[in-house]
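> Take this sequence and fold it.
(chains A and B)
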Amino acid sequence: MLKSTLNNISDIRKSHPGFFKFSVIVLSVYALQMLIKTEITPLGYFSLYSNPMEEQTAYYQILPYDTVQKKPLNIYNTSGTGFLMLEILPTRYEILANSDHCNQMNHKLRRIGLGDNNLQDCQHLTSFKTWFKTYANSHGIDMKHAVLLNCGFKDGELKEIKAINDTAIFK
Amino acid sequence: MIQQFLNKHLKDVWAWKRLVLTFILVSLIYFWYSGMMLHHIWDSPFNYKGADFTYWLFHWLRLDQIPSSGYGVSLFFSTVLLLSFLLAIVKIGNRYATIIAGILLLMYQVLFNGKLGYHTHHLFGFQFALLPFYFKDDLFKASLGLARVLCCLAYFFAGFFKLYQGAWLSLDSFSHVLSNQHAAYMFFQPEGIRTSIVVYLIGHPVLGYLFFLSAMFLQLFFIFGLFTNRFNFLLALFILLFHVMDWFLMNLGVFMGMTLMMWLMLYKENKA
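Purely as a prediction, here's the structure:
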């Protein structure tokens, strides 16, 4: 099995050296990314949920919260898989707002002697909440009286609401 | 039976190519409907590059300025992307039309993820599925082999990371993952079939653990795909199974497009 694979690779190397080099470059980029532990494009995505998770007192999700009706707004009635955008965007806002120079992977860059030191990304993030209102409105979420809050759920019930931790970008 | 059906209806490589391109075109139309095209988030305050070389390359080449140029430019880009796939289907024998569509798809993936603030990977399966069509006819077999290797590596490493990082060592872990993943969903949709099953799995952690373990083993099995084509049909089935489970249990239907990579496993070379 292994011998026939090696023979095939050897044949391709002789018959199509250009394609062989292309393949080596693609695979080398992956290997290098693994070696220096940066993001692995695209091998890394499935590594989600690979770490063990402990039980929490509440499971949090940032949602638009209607301050008049005093309840979070349902984002799961949007078209197609649009709800994912409404889940991901506020979550990423909080994560990036608390990251070094608003780049979650900056520690990985610094480890290999690089680093993202730009200040613009954090400055831009300060307008996120205003932008999100418009975005959510355009996807059928009534944001007139809504603000983004961190909602803690347990067993299908809302247990706690708290403000998003984004003070770092407003300092 | 399935293989016989495929042999009957997908007689040559052009039929497969038409199927692959049409699948991607339909997926893109669905993303448009879901508000997931570049023009939907062109003005987002994110410009996330992370630690990914591709995103930094786009930044250095100032390609990440494209969406910021305005709604019209982003809408034009989204339209051209769809039209490029339509053109590639119409000009099925033209390799360059496919390459242009593939490059635009890659640009969409990188620019969209930058504006999303997250490097989601729901589109890389499309790139792998398109790879064999980028090369001349005499390289079809070799490029198909490379695409299969990339596909198998992606799934194998998914299983490997689960094994290495130890989620499988905790019996309750997957129950907590489900509680976390569906926290708000269970609040808003308490009556749905998905909620009922998820609640049952949360209450029965051993069953949830078995689902998790089966997904990990499905993924680890892809190591065999690196050395032999003998299990290709089984691997295609595993891709489908994994993503159906991912869609139903994790509500990640957006990754169903990855099932397109099944064609890499189902294609029989003697039909070329």
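> Please look at residue A:161 and residue A:149 and confirm they touch.
Yes. Between residue A:161 and residue A:149 there is a contact at 4.9 Å, judged by Cβ atoms under 8 Å. C-betas here are computed from N, CA, C, even on glycine.
> Neighbours of residue A:111, how many?
Residue A:111 is surrounded by 13 other residues when neighbours are defined as other Cβ atoms under 10 Å in any protein chain shown.
> same deal with residue B:52?
Using other Cβ under 10 Å, residue B:52 has 23 neighbouring residues.
> Stretch B:121-135 close to chain A?
Yes. Interface with chain A: stretch B:121-135 contributes B:121, B:124, B:127, B:135 (Cβ under 8 Å from any Cβ of the partner chain).
> Quick one: mean pLDDT over the helix or strand hosting the third one.
What that stands for is residue B:127. Secondary-structure assignment from DSSP states H and E places residue B:127 in helix B:124-130. For helix B:124-130, the mean pLDDT works out to 94.
> helices and strands around that helix, which ones?
Identification of packing neighbours for helix B:124-130 by 3 or more Cβ pairs under 8 Å, 6 or more residues apart in numbering or on different chains; DSSP states H and E yields helix B:13-33, helix B:95-116, helix B:140-165, helix B:262-266.
> which residues touch the helix or strand following the longest one?
If I follow you right, that is helix B:140-165. On the C-terminal side of helix B:140-165, the closest following helix or strand by DSSP H and E is helix B:173-181. The set of residues that contact helix B:173-181 without belonging to it, under Cβ atoms under 8 Å, 6 or more residues apart in numbering or on different chains, is A:49, A:52-56, A:59, A:154, B:167, B:198, B:201-202, B:205, B:208-209, B:211-212, B:249-251.
> can you rerun that using 6 Å?
Contacting residues not belonging to helix B:173-181 are listed as A:49, A:52-53, A:55, A:59, B:167, B:198, B:201-202, B:205, B:208-209, B:212, B:250 [Cβ atoms under 6 Å, 6 or more residues apart in numbering or on different chains].
> how far out from the middle of the chain is it?
The chain centroid and the centroid of helix B:173-181 are separated by 23 Å, computed with Cα atoms, centre = their mean, to the nearest Å.
> what's the answer for stretch B:65-75, then?
Using Cα atoms, centre = their mean, the distance from the centre of stretch B:65-75 to the centre of the chain it belongs to is 25 Å.
> same question, stretch B:91-105
In this view, stretch B:91-105 has its centroid 19 Å away from the chain centroid, taken as Cα atoms, centre = their mean.
> ok, and for that stretch, which residues are buried?
Of the residues in stretch B:91-105, B:97, B:98, B:99, B:100, B:101, B:102, B:104, B:105 count as buried by neighbour count, 16 or more other Cβ atoms under 10 Å in any protein chain shown.
> residues contacting residue B:119?
Contact criterion Cβ under 6 Å, 6+ apart gives B:50, B:113 as the residues in contact with residue B:119.
> Assess the claim that residue B:155 and residue B:223 are in contact.
No. Taking contact to mean Cβ atoms under 6 Å, the distance of 9.2 Å between residue B:155 and residue B:223 leaves them out of contact.
> And those two? Which one has more around it.
Under the neighbour definition other Cβ under 10 Å, residue B:155 and residue B:223 were set side by side, and residue B:155 has more, 24 against 15.
> Who are the contact partners of that one?
Going by Cβ under 6 Å, 6+ apart, the list of residues near residue B:155 reads B:219, B:222.
> distance of it from residue B:226?
Taken as Cβ to Cβ, to the nearest Å, the spacing of residue B:155 relative to residue B:226 amounts to 11 Å.
> How about residue A:149: what's its closest non-neighbour residue?
In this structure, residue A:149 finds its nearest non-sequential neighbour in residue A:65, 4.2 Å apart by Cβ to Cβ, 6 or more residues apart in numbering or on different chains.
> For the strand or helix carrying the one you found, which strands pair with it and how are they oriented?
Using DSSP H and E, residue A:65 sits within strand A:59-66. Based on DSSP bridges, the strands next to strand A:59-66 in the sheet, each with its direction, are strand A:71-72 (antiparallel), strand A:146-154 (antiparallel).
> could I get the host helix or strand of residue A:30 in CSV with only the CA atoms?
With the criterion set as DSSP H and E, the secondary-structure element containing residue A:30 is helix A:17-35. The C-alpha trace of helix A:17-35 is given here as CSV (Å, rounded to 0.1, in the frame of the first residue of the first chain):
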residue,chain,number,x,y,z
PRO,A,17,7.7,18.2,-12.2
GLY,A,18,5.8,21.5,-12.2
PHE,A,19,2.8,19.9,-10.6
PHE,A,20,5.0,18.0,-8.2
LYS,A,21,6.6,21.2,-7.0
PHE,A,22,3.1,22.8,-6.6
SER,A,23,2.0,19.9,-4.4
VAL,A,24,5.2,20.1,-2.3
ILE,A,25,4.7,23.8,-1.8
VAL,A,26,1.0,23.4,-0.7
LEU,A,27,1.9,20.6,1.7
SER,A,28,5.0,22.4,3.0
VAL,A,29,2.9,25.5,3.8
TYR,A,30,0.6,23.3,5.9
ALA,A,31,3.6,21.6,7.6
LEU,A,32,5.2,25.0,8.3
GLN,A,33,2.0,26.4,9.8
MET,A,34,1.8,23.4,12.1
LEU,A,35,5.4,23.6,13.0
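> out of the buried residues of stretch B:91-105, what pair is the most spread apart?
Distances among these were taken as Cβ to Cβ; the most separated pair is B:97 and B:105, at 12.7 Å.
> End to end on stretch A:32-49, go ahead and measure it.
Criterion Cα to Cα, to the nearest Å; first-to-last residue distance in stretch A:32-49 is 24 Å.
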